[in-house]
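**Q** just coords:
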């Protein structure tokens, strides 16, 4: 009931506020609803967290009601513009639907397949608890700590990402748990970002001059790419930031092209939300800056005025909706990005930048040759051949392919949200299209096509220069792939038998890949001995990391649900499952000294301590009783000990 009431309040604000901008295109209206509704959640949460009211449901309901009332007042005084905008003229006729089915069968097949598969994803979300590694360490863990502390202010933790990383995606997750009282629905924050991004892709393709069927085809193909589909059932943040960035790009291009001020304002709001969602947003800045300069040049003084409005709103939106965590970082760490240890860990090169750049480009090139979704009988020999070839070429080029991440550098492809990339269509269709559109944009002096393709290539170059390579960065590229996806519209052709055959072929590969993701997702498989059917919550959380199961069961069985559990763990430890249902169990991180001196035990009313044996001293504080001990990661022989505090 609370969920329905609060959703209605947020919806009223979003719809009325968007109506005030009098948008003129169909994609812009629902994108406006998404942007304004999410802004409502973020702004309310920031205020609540500032005054230690983050877990106060009545504050959220009251502030959402206040914003809804303010939006209604402005809408009423503003002439009561249409709530549906251009959608009010839409009429669906049976004859028109049948005509569309006959004329565009490939789109109906592709669209029907995508719809069915994503409905299956929704069903999986309803039965699967969050089980992604980063979610266990910080995405979901920080949500639990926010609920525990009722604020965003820094708490002691060895997991630095919990307190320093941008937080807007997790604010959506937090709101879901607050109004629903459970974490059952948290993955829907990423899932709903898929149709939002698809709308933006359709809108961008239409602005580029593609037909409506071509634009729809581009959006549908994007939704079938392995890493997109795999992320849709997680509590990570790459789809959320991509939805904001794609919405920003579409509304910005619409505003530049038509002079529509409302679109420019909404684009600025999306910009502010995106910056507060994930730091990969910053990697788009070089390409975005070039595009803005080209737009200024193309439109002259009018372009400058439009960009000035957009820039002003973007800055204000960033202050209100994105800068909160950066401000806290500046206060606590004297660096807006977080502690020196955290920043260095993500940007410090192990060699010179000049050497790191070609090495990273080679490794990313290798990973783009992704076989995710290809049947094993084909994928395994192809992957082995790819690895052997790459190993030889890397050695000849003096590039170190063999590293601490060797199994992931040259190992077999897997359908996994952390390791997959964009499948066969990614390297056989998307990359060639982006290369072609970059050149075509230059030749034709088409700033829009050039700009969208440039956003992708500049993102690749920026990441290769700034960030050391790790094998888990395929998900980072969801952001530029989303804004480049409108260029896939050229795949859809009906003017010859050959081109129709190509379109059907691409559609077949896309649907086969998507089906493989649905069935064989390594973290949520629907078949095989690890299938999620019939497993309990702990078994499902540990599907991809079976060595975690004994640890999770030990805490679940030995530590009462309402106890306070002290944690002496490393900076990448799983902690979210220890909160228990409804965050009943209180978690407190302890320094190693607490095991020998007792510091912070009494003050925090610690009942039990879970300590990694890495930090366990030879002589414990008198009175601490060993309750149980388990092996966590077999391959690293890491053990955890559960202690009871007298």
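**A** Perfect, I can see it now. Note that the structure is a prediction, hence the values are computed from the model and not measured.
**Q** who touches residue 140 in this structure?
**A** Contacts for residue 140 (Cβ atoms under 8 Å, 6 or more residues apart in numbering) come out as 130, 173, 183, 186, 235, 576. Just so you know, the C-beta spots here come from the backbone N, C-alpha and C atoms, and that holds for glycine as well.
**Q** let's go with 10 Å and repeat that
**A** Counting by Cβ atoms under 10 Å, 6 or more residues apart in numbering, residue 140 touches 129-132, 134, 170, 173-174, 177, 183, 186, 235, 575-577, 579.
**Q** and if you look at residue 210?
**A** Applying Cβ under 10 Å, 6+ apart, we find residue 210 in contact with 202, 204, 216, 217, 218, 486, 487, 488, 489, 490, 492.
**Q** ok, and for the longest helix seen in the chain, which residues are buried?
**A** Ranked by number of residues, the top helix in the chain under DSSP state H is helix 285-321. Residues of helix 285-321 classed as buried: 286-288, 290-292, 294-296, 299, 303, 306-307, 309-310, 313-314, 317-318, 320-321 (neighbour count, 16 or more other Cβ atoms under 10 Å).
**Q** now stretch 244-262
**A** 244-256, 260-262.
**Q** also stretch 469-478?
**A** Neighbour counts over stretch 469-478 (16+ other Cβ under 10 Å) mark 469, 471, 473, 474, 475, 476, 477, 478 as buried.
**Q** what's the farthest-apart pair in the contacts of residue 140?
**A** The span of the contacts of residue 140, defined through Cβ to Cβ, is set by 131 and 174 at 18.7 Å.
**Q** which is the succeeding secondary structure element to the helix or strand of the chain with the lowest mean pLDDT?
**A** None of the helices or strands of the chain scores lower by mean pLDDT, DSSP states H and E than helix 406-409, at a mean of 46. Counting by DSSP states H and E, the next helix or strand C-terminal to helix 406-409 is helix 423-425.
**Q** same for whichever helix or strand comes after that next one, what does it pack against?
**A** Next along the chain after helix 423-425, taking DSSP H and E as the criterion, comes helix 431-444. Packing contacts for helix 431-444, counted by 3 or more Cβ pairs under 10 Å, 6 or more residues apart in numbering; DSSP states H and E, involve helix 447-466, helix 478-484.
**Q** give the other helices and strands that the last one contacts.
**A** Contact analysis of helix 478-484 by 3+ Cβ pairs under 10 Å, 6+ apart lists helix 188-207, helix 212-224, helix 226-231, helix 238-258, helix 285-321, helix 431-444, helix 447-466 as its packing neighbours.
**Q** could I get the buried residue list for whatever helix or strand comes next after the fifth one?
**A** To tie it back to what came earlier, the one meant is helix 285-321. Next along the chain after helix 285-321, taking DSSP H and E as the criterion, comes helix 324-333. Neighbour counts using 16+ other Cβ under 10 Å place 324, 325, 326, 328, 329, 333 of helix 324-333 among the buried residues.
**Q** and which of those is nearest to residue 520?
**A** Residue 520 has its nearest neighbour among the buried residues of helix 324-333 in residue 325, at 36.2 Å by Cβ to Cβ.
**Q** and that closest one, how far from residue 177?
**A** Counting by Cβ to Cβ, to the nearest Å, the gap from residue 325 to residue 177 is 19 Å.
**Q** same question for residue 205.
**A** 36 Å.
**Q** and the two? Which one has more around it.
**A** Between residue 205 and residue 177, counted using other Cβ atoms under 10 Å, residue 205 has the larger neighbour count: 28 against 21.
**Q** for residue 172, which non-adjacent residue is closest in space?
**A** Using Cβ to Cβ, 6 or more residues apart in numbering and skipping the chain neighbours, the partner closest in space to residue 172 is residue 189 (4.2 Å).
**Q** now do that neighbour, the pLDDT please.
**A** For residue 189, the pLDDT comes out at 97.
**Q** before we move on, what about residue 64?
**A** 98.
**Q** which positions in stretch 61-68 come out as buried?
**A** In stretch 61-68, counting by 16+ other Cβ under 10 Å, buried: 61, 63, 64, 65, 67, 68.
**Q** as JSON lines, these with secondary structure would be great.
**A** Listed next are the buried residues of stretch 61-68 as JSON lines, based on DSSP: H, G, I helix; E, B strand; the rest coil:
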{"residue": "61", "secondary structure": "helix"}
{"residue": "63", "secondary structure": "helix"}
{"residue": "64", "secondary structure": "helix"}
{"residue": "65", "secondary structure": "helix"}
{"residue": "67", "secondary structure": "helix"}
{"residue": "68", "secondary structure": "helix"}
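**Q** want to throw those residues into a markdown table with distance to residue 608?
**A** Shown next, in a markdown table, are the buried residues of stretch 61-68 (distance: Cβ to Cβ, whole Å):
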| residue | distance to residue 608 |
| --- | --- |
| 61 | 35 |
| 63 | 37 |
| 64 | 38 |
| 65 | 41 |
| 67 | 42 |
| 68 | 44 |
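**Q** take the buried residues of stretch 469-478 and write them to a markdown table, including secondary structure.
**A** As requested, those are exported to a markdown table (three-state DSSP):
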| residue | secondary structure |
| --- | --- |
| 469 | coil |
| 471 | coil |
| 473 | helix |
| 474 | helix |
| 475 | helix |
| 476 | helix |
| 477 | helix |
| 478 | helix |
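**Q** now render those residues as CSV, adding distance to residue 630 and pLDDT.
**A** Below are the buried residues of stretch 469-478 laid out as CSV (distance: Cβ to Cβ, whole Å; pLDDT from 0 to 100):
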residue, distance to residue 630, pLDDT
469, 33, 82
471, 28, 81
473, 32, 87
474, 32, 91
475, 30, 94
476, 34, 95
477, 37, 96
478, 36, 97
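**Q** and which of the residues you listed is nearest to residue 35?
**A** Nearest to residue 35 among the buried residues of stretch 469-478, counting by Cβ to Cβ, is residue 478 at 18.6 Å.
**Q** quick one: the helices in the stretch 501-646 of the chain?
**A** Under the criterion DSSP state H, counting those that start in this stretch, the stretch 501-646 of the chain carries helices at the ranges 537-541, 549-558, 594-597.
**Q** and residue 520, how far from residue 26?
**A** Separation of residue 520 from residue 26 (Cβ to Cβ): 36 Å.
**Q** remind me, longest strand of the protein?
**A** Secondary structure of the chain read by DSSP state E shows that its longest strand is strand 625-633.
**Q** by contact count, what packs against that strand?
**A** When contacts are defined as 3+ Cβ pairs under 10 Å, 6+ apart, strand 625-633 sits against helix 549-558, strand 608-612, strand 638-644.
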